[in-house]
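S.K.: got a predicted model here, sequence first, then my questions.
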Amino acid sequence: MAKLSILRYPDHRLYTVAQPVQSVNERIKRLVADMAETMYDAPGIGLAATQVDEHIQLLIIDITEEHNDLRVFINPVIVSSDGSAVHEEGCLSVPGIYDKVTRAEKITVTAMNLAGDMFTLEAEGLMAVCIQHEMDHLLGKVFVEYLSTLKQSRIKNKLKKRVLETM
Ligand code: NI
């Protein structure tokens, strides 16, 4: 396994729309293993392929503290959603920034797993937030785009400054 580098907002590659995965082959399995290592190391609870500059419809989630429940979603589709809820979100591509986002409270998602089998998951709470957040990445959308334009430009400036500080 290898740790991958995570694209940082406002890197334009984060705006790429991901393509469907055609087949769950060895390349995909290796990518998932590398993404899991990258996510756990960060540490984070979700990572979309977009964030590691792979523009395919693939995301991983593990919301457990023990890091022992890795969920893989390939070509995910939200087939129904209900209610709305506000949660504070963060993102490995937007380090150090947290803000409230309103999303569906409950969702039903269908996707393919790493064995190539379709599954359906009903999710609420943190899992529902995380799935919606990561699926946005696949559409080329970062959570800060839900915030006001003023907040977005402040965040951009803050992150650009941080890049300069580490050069
Ligand atoms: Ni994110």
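M.R.: Received it, and whenever you're ready, just let me know what you need. Numbers count the residues shown, from 1 in each chain.
S.K.: what about Phe143, neighbour count?
M.R.: 22 (other C-beta atoms under 10 Å). (Each C-beta comes from the backbone N, C-alpha and C, glycine too.)
S.K.: now it, nearest residue through space, not along the chain?
M.R.: Taking C-beta to C-beta, 6 or more residues apart in numbering, and ignoring the residues beside it in sequence, Phe143 has Glu89 as its nearest neighbour in space, at 5.0 Å.
S.K.: could you tell me how many residues sit around the one you found?
M.R.: When neighbours are counted by other C-beta under 10 Å, Glu89 registers 19.
S.K.: and what of Thr16?
M.R.: Burial of Thr16 is recorded as 17 neighbouring residues (other C-beta under 10 Å).
S.K.: which non-adjacent residue is nearest it?
M.R.: Nearest residue to Thr16 in three dimensions, chain neighbours excluded: His55, at 4.7 Å (C-beta to C-beta, 6+ apart).
S.K.: check Glu105 too.
M.R.: In this structure, Glu105 finds its nearest non-sequential neighbour in Gly83, 3.3 Å apart by C-beta to C-beta, 6+ apart.
S.K.: middle-most residue in this structure, spatially?
M.R.: The centre of the chain sits closest to Glu134, judged by C-alpha atoms, centre = their mean, with a distance of 2.8 Å.
S.K.: which residues make contact with the helix or strand harbouring that one from outside it?
M.R.: Following DSSP states H and E, one finds Glu134 within helix 125-138. Taking C-beta atoms under 8 Å, 6 or more residues apart in numbering as the criterion, the residues outside helix 125-138 that touch it are 14, 17-18, 45-51, 57-59, 61, 63, 73, 76, 78, 85, 87, 89, 91, 93, 101, 103-107, 109, 121, 123, 142-143.
S.K.: what's the average pLDDT for that helix?
M.R.: Rounded to a whole number, the mean pLDDT of helix 125-138 is 98.
S.K.: what's downstream of that helix, the next helix or strand?
M.R.: Using DSSP H and E, the next helix or strand after helix 125-138 towards the C-terminus is helix 149-165.
S.K.: and the pLDDT at Lys160?
M.R.: 86.
S.K.: who's in contact with the residue nearest to Glu105?
M.R.: Gly83 sits next to 104-106 when contact means C-beta under 8 Å, 6+ apart.
S.K.: gap between Val32 and Val21?
M.R.: When distance is defined by C-beta to C-beta, to the nearest Å, Val32 is 11 Å away from Val21.
S.K.: appreciated, that's everything.
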